[in-house]
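In: Structure here, sequence nowhere to be found:
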């Protein structure tokens, strides 16, 4: 969905599992089995929609972090969560036109959302 305005935003988070808000952030963007697309209202500080999708690009032999980021941006992501251990993604994300936040792998999706929405 991606809103493209000042009120609503879409956050993309690489995940190791699909357990809703209790899903765990992956240590890598490119090989994460799942991606959470979190739509939230910036003014109210609330999540308005959560979709967790399979990262189908991860199984392709020549998939790069850039491919994943372009797919996320094409699906409306305005902010991409990058695990701090993922040096490949950290090197690439600064070259694409998207906001990003760096987090520790192993955090829950709930922790990421609560931390980000407090800003």
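Out: Yep, it's here. Keep in mind it's a predicted model, so treat the numbers as computed, not measured.
In: Not counting residues beside it along the chain, what's closest to residue 8?
Out: Distance criterion CB to CB, 6 or more residues apart in numbering; nearest residue to residue 8, sequence neighbours excluded, is residue 41 at 5.8 Å. (Glycine included, C-beta is placed from N, CA and C.)
In: Show me what that neighbour is bridged to.
Out: Partner residues in beta bridges with residue 41, using DSSP bridges, are residue 8, residue 46.
In: Confirm for me that it is in contact with residue 10.
Out: No - using CB atoms under 8 Å, residue 41 is not in contact with residue 10; the gap is 11.4 Å.
In: which one of these two has more residues nearby?
Out: Neighbours per residue (other CB atoms under 10 Å) separate residue 41 from residue 10, with residue 10 holding more: 22 against 14.
In: isn't there a helix covering the more buried one?
Out: No - counting by DSSP: H, G, I helix; E, B strand; the rest coil, residue 10 is not part of a helix but strand.
In: Look at it and report its pLDDT.
Out: Model confidence at residue 10, given as pLDDT, is 93.
In: Residue ranges in this protein under the pLDDT threshold?
Out: By pLDDT under 70, the weakly predicted segments of the chain are 1-6, 118-119.
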